[in-house]
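Colleague: need the 3D shape of this:
(chains A and B)
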There are 2 protein chains.
Amino acid sequence: MTLTQTHSYKELNERSVLSYLEDKRLLTDKEKASCKEVGDGNLNYVFIVKDEVTGKTIVAKQALPYAKVVGESWPLSLERARIEASSLKHAAKTVPDLVPEVYGSDEDYALTVMEDLSDFTILRKGLIEGETYPHLADHVGRFLAQTLFSASDEALGPVEKKKLAKQFINPDLCDITEKLVFSDPYYNADTNSFPEELREDVEALWQNSGLKFEVAKLKKKFLTEGETLLHGDLHTGSIFVTNEETKVIDPEFAFFGPAGFDAGAFLANLFLNYLAQNERQTDEQKKQASRQYLLKTAVKTWEVFEKQYRDLLKKKGIDEQSRTDEYADYLLDKIRTDAIGFAGCKVIRRIIGLAHVEDVDGIENEEGRLRVQRKALELGQELILKRNTFTSISELVTWIGGDQS
Amino acid sequence: MTLTQTHSYKELNERSVLSYLEDKRLLTDKEKASCKEVGDGNLNYVFIVKDEVTGKTIVAKQALPYAKVVGESWPLSLERARIEASSLKHAAKTVPDLVPEVYGSDEDYALTVMEDLSDFTILRKGLIEGETYPHLADHVGRFLAQTLFSASDEALGPVEKKKLAKQFINPDLCDITEKLVFSDPYYNADTNSFPEELREDVEALWQNSGLKFEVAKLKKKFLTEGETLLHGDLHTGSIFVTNEETKVIDPEFAFFGPAGFDAGAFLANLFLNYLAQNERQTDEQKKQASRQYLLKTAVKTWEVFEKQYRDLLKKKGIDEQSRTDEYADYLLDKIRTDAIGFAGCKVIRRIIGLAHVEDVDGIENEEGRLRVQRKALELGQELILKRNTFTSISELVTWIGGDQS
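Modeller: I've put the predicted structure just below:
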């Protein structure tokens, strides 16, 4: 439901959020409830609220009008809360089991009230610990196929698709991605962050005009190709898992962009973890098992995605042409090539750019960490430059397994 | 100015428009004024209003909530009037001399009040009569360069560009183009209209799966590649000319799409007229002069466009990468290839589809008309299938001049 809007924005706290939820009948009794703010991001408050009467817990996520990490100096549109809630609701139409259920949203307060996932683990954390999840590839492959198809021209027709796209124009958050993924890592930008030991490698990358040209092409795709509604930030920190279940969260970066972008983000984060495991795991057998699992997950995710996407096109494609095999081949080649290129950009930004990943930065041995960072820079560049040469993700992964071990 | 909006839509007539204009102080005295509705389109009223006090004439164009030609059965969003006025105002920022001046617009009445161009000739009509316009290529080339660049990511940056794009989401009119240009001509659709004598040629085209696949790719570009703000319907009926001046009118189809689309429409209409002249002109010398002029205009328009677009990129490109020669080469290759493909689609739709052009349909000799229609179908298919093989418009035009004479 959309909660009635009769107020203007103010920041909630652990007490006021309880009054709010009781008021909206999302909580039985604020005096018989507990609340904890657990947001570790820098853009939102995340309140976990336990209703002691029913025993049920829910999450209330409120967007902040600025990026917390830099005080109030980086203002951010509250629109992203509406976009996040709308994106979750849109995904729930095709993959209700793969996103948290939304109980209510409030545009004025930039608030989304949803299913609590405290029993889940953040996938990134699980992977760092060498965990494996038997259904992950099935789930993420299905998430990609269903969400990417369901908002495309081929599924909706151009009129409905344009009406939907209008609701997901997301200039502020797309701008963050544009800067941090496609621009800043490729010159000496203030936002960059990398150890001095990598300077030589990074400066070589900045001098690589062939690479920068390819990144410019990928950036242009990101900026202009409104193929479908994307999650927009599908790294392993946006995925919650248990042994049985998978939930994709945090689609505040959602926008209409190139279909390969989400898959590219996911693959990049699997690959980063794969490189990191080499230095993280001391038990050789466990290391091999963990790394094999990551590569297999990459391949299987793509296979599930591709099979389901082809089925959807064939069964639900809006016109005859979009139901032909050659059109499916054409689309899936494009999505794969784009995804590999975007994966390369995502790998590089996690080494040179502002926001790093714990998979790599958490490696305690400095020499080992630098080895991984150098390999990641190499891999990222190869993914970008060679994206057109791989005819399948299986081929790509075989190459990574042989070349980057 | 945006006129105050305190009313709801109603259709104006030759009398009520005078009251309205007097009320808005765009007319001195409605009793000392004359008005004539001259709209020959099927989507709008066009009132030409003469202020007898000042001697000045102005145009008031009102969008109709349905397509007139089919009664009220094809409802159309009045949004297009806002889009047309906004597009004219946007173009006036860079090419004020190439669009009619807008004196006022009224969203509720779906009305735009603008400069009267009664002294101008519709370019299509002039070209049919074998006229030549010495500044046409310069003007259209500059129009394309300035308007296409000024709304691109390279000019505006992604945030401003997205905000602008949001104002030009145009589902209804894009849907008309999608159907009439990219879908209906390629199967036995009710909207199609062609002489029985062409049936064999048309059915052969419907059987050409290679062609239909390429058209599907071009349609996908039209639907997904939001590169810049387009005019959206830049045929020779949307251009008014005198010997000295050129005005681009009627941008109600404006939307953010692939940059090559407008140039493709213009080229297609030059080529259609070129083919038609072969049967229209009986004086061989005049025929050659007219046809040479058309091909030279195509080449020169592109040269002016390309040179100015490159200059704009180099001087005003938002980041270092967009100012490099290799990026300019990449963009202009893409725009040219797309334009040739779109030109092919535009040629074909004028032969098979709902809306034809007088250049061809007005040829009185039936055999001659059919010869032109067959040549146009051939040319359109070649443009689509061979669009990647031409390295310049000059090369394309040399081929047309040699092959299609």
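Colleague: list the contacts for the closest residue to chain B within the stretch 301-405 of chain A?
Modeller: Closest to chain B within the stretch 301-405 of chain A is residue A:321: 4.3 Å, counting by Cβ to the nearest Cβ. C-betas here are computed from N, CA, C, even on glycine. If you count contacts by Cβ atoms under 8 Å, 6 or more residues apart in numbering or on different chains, residue A:321 has them with A:327, B:186, B:212, B:213, B:215, B:216, B:219.
Colleague: one more pass at 6 Å, please.
Modeller: Neighbour list for residue A:321: A:327, B:216 [criterion: Cβ atoms under 6 Å, 6 or more residues apart in numbering or on different chains].
Colleague: state the pLDDT value of it.
Modeller: Looking at residue A:321, its pLDDT reads 92.
Colleague: cool, and residue A:5?
Modeller: 51.
Colleague: and the residue of the stretch 301-405 of chain A closest to chain B, its phi and psi?
Modeller: phi -60, psi -40 (degrees, to the nearest 10).
Colleague: and the gap between it and residue B:166?
Modeller: To residue B:166, residue A:321 is 29 Å away according to Cβ to Cβ, to the nearest Å.
Colleague: sec struct for the closest residue to residue A:214 other than its chain neighbours, please.
Modeller: Distance criterion Cβ to Cβ, 6 or more residues apart in numbering or on different chains; nearest residue to residue A:214, sequence neighbours excluded, is residue A:384 at 5.0 Å. Recorded secondary structure, residue A:384: helix (DSSP: H, G, I helix; E, B strand; the rest coil).
Colleague: check contacts around residue A:384.
Modeller: A:214, A:341, A:344.
Colleague: okay, now residue A:52: neighbour count?
Modeller: Neighbours of residue A:52 under the rule other Cβ atoms under 10 Å in any protein chain shown: 13.
Colleague: now it. Nearest residue, chain neighbours left out?
Modeller: Nearest residue to residue A:52 in three dimensions, chain neighbours excluded: residue A:32, at 4.4 Å (Cβ to Cβ, 6+ apart).
Colleague: near chain B, which residues of chain A?
Modeller: Taking Cβ under 6 Å from any Cβ of the partner chain as the contact definition, chain A meets chain B at A:153, A:158-159, A:162-163, A:166, A:169, A:171, A:175, A:178, A:212-213, A:216, A:223-227, A:321, A:326-327.
Colleague: what about 7 Å?
Modeller: A:153, A:158-159, A:162-163, A:165-166, A:169, A:171, A:174-175, A:178, A:183, A:212-213, A:216-217, A:223-227, A:319, A:321, A:326-327, A:330 (Cβ under 7 Å from any Cβ of the partner chain).
Colleague: show me which of those are buried.
Modeller: A:153, A:158, A:162, A:165, A:169, A:171, A:174-175, A:178, A:183, A:212-213, A:216-217, A:223-227, A:319, A:321, A:327 (16 or more other Cβ atoms under 10 Å in any protein chain shown).
Colleague: how about the strands in chain A?
Modeller: With strands called from DSSP state E, chain A shows them at A:33-37, A:44-51, A:57-63, A:102-106, A:111-115, A:121-122, A:228-230, A:239-241, A:246-248, A:255-257.
Colleague: could you dump those into JSON lines with mean neighbour count added?
Modeller: Shown next, in JSON lines, are the strands of chain A (neighbours: other Cβ atoms under 10 Å in any protein chain shown):
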{"stretch": "strand A:33-37", "mean neighbour count": "16"}
{"stretch": "strand A:44-51", "mean neighbour count": "20"}
{"stretch": "strand A:57-63", "mean neighbour count": "23"}
{"stretch": "strand A:102-106", "mean neighbour count": "20"}
{"stretch": "strand A:111-115", "mean neighbour count": "23"}
{"stretch": "strand A:121-122", "mean neighbour count": "18"}
{"stretch": "strand A:228-230", "mean neighbour count": "28"}
{"stretch": "strand A:239-241", "mean neighbour count": "25"}
{"stretch": "strand A:246-248", "mean neighbour count": "23"}
{"stretch": "strand A:255-257", "mean neighbour count": "25"}
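Colleague: can I get those strands in JSON lines with mean pLDDT?
Modeller: Shown next, in JSON lines, are these (pLDDT from 0 to 100):
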{"stretch": "strand A:33-37", "mean pLDDT": "96"}
{"stretch": "strand A:44-51", "mean pLDDT": "95"}
{"stretch": "strand A:57-63", "mean pLDDT": "96"}
{"stretch": "strand A:102-106", "mean pLDDT": "96"}
{"stretch": "strand A:111-115", "mean pLDDT": "97"}
{"stretch": "strand A:121-122", "mean pLDDT": "98"}
{"stretch": "strand A:228-230", "mean pLDDT": "98"}
{"stretch": "strand A:239-241", "mean pLDDT": "98"}
{"stretch": "strand A:246-248", "mean pLDDT": "98"}
{"stretch": "strand A:255-257", "mean pLDDT": "98"}
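Colleague: out of these, which comes closest to residue B:396?
Modeller: Residue B:396 lies closest to strand A:255-257 among these, at 32.3 Å (Cβ to Cβ).
Colleague: strands paired with the closest one, and their directions?
Modeller: strand A:228-230 (antiparallel) (DSSP bridges).
Colleague: how far does the partner strand sit from the chain's center?
Modeller: Put simply, strand A:228-230 sits 12 Å off its chain's centre (Cα atoms, centre = their mean, to the nearest Å).
Colleague: cool, and stretch A:219-239?
Modeller: Centroid separation for stretch A:219-239 versus its chain: 8 Å, with Cα atoms, centre = their mean.
Colleague: so what touches it?
Modeller: Outside stretch A:219-239, the residues within contact range by Cβ atoms under 7 Å, 6 or more residues apart in numbering or on different chains are A:87, A:90, A:122-124, A:127, A:147-148, A:151-152, A:164-165, A:168, A:178, A:182, A:246, A:248-251, A:253-259, A:261-262, A:265-266, A:269, A:338, B:153, B:158, B:224-227.
Colleague: what sits against the residue lying closest to residue A:314 once chain neighbours are set aside?
Modeller: Spatial nearest neighbour of residue A:314, chain neighbours left out: residue A:323 (5.3 Å); criterion: Cβ to Cβ, 6+ apart. By Cβ under 7 Å, 6+ apart, the residues touching residue A:323 are A:313, A:314, A:317.
Colleague: show me just the buried residues among those.
Modeller: Buried members of the contacts of residue A:323, scored by 16+ other Cβ under 10 Å, are A:313, A:317.
Colleague: could you find the closest non-adjacent residue to residue A:80?
Modeller: Using Cβ to Cβ, 6+ apart, the closest residue to residue A:80 is residue A:252 (4.2 Å).
Colleague: check the burial of residue A:120 by counting its neighbours.
Modeller: 17.
Colleague: ok, and the closest non-adjacent residue to it?
Modeller: Nearest non-adjacent residue to residue A:120 (Cβ to Cβ, 6+ apart): residue A:240, at 3.7 Å.
Colleague: who's the one you found bridged to?
Modeller: Residues in beta-bridge contact with residue A:240 (DSSP bridges): residue A:122, residue A:247.
Colleague: ok, it to residue B:320 distance?
Modeller: Distance from residue A:240 to residue B:320, by Cβ to Cβ: 40 Å.
Colleague: for residue A:350, same thing?
Modeller: From residue A:350 across to residue B:320, the span is 23 Å (Cβ to Cβ).
Colleague: so for these two, which residue has more residues nearby?
Modeller: Set side by side, residue A:350 and residue B:320 show more neighbours around residue A:350, with 25 against 13, by other Cβ under 10 Å.
Colleague: and the pLDDT for that one?
Modeller: pLDDT, residue A:350: 98.
Colleague: so it makes contact with residue A:273?
Modeller: No. With contact defined as Cβ atoms under 7 Å, residue A:350 and residue A:273 do not form a contacting pair (10.8 Å).
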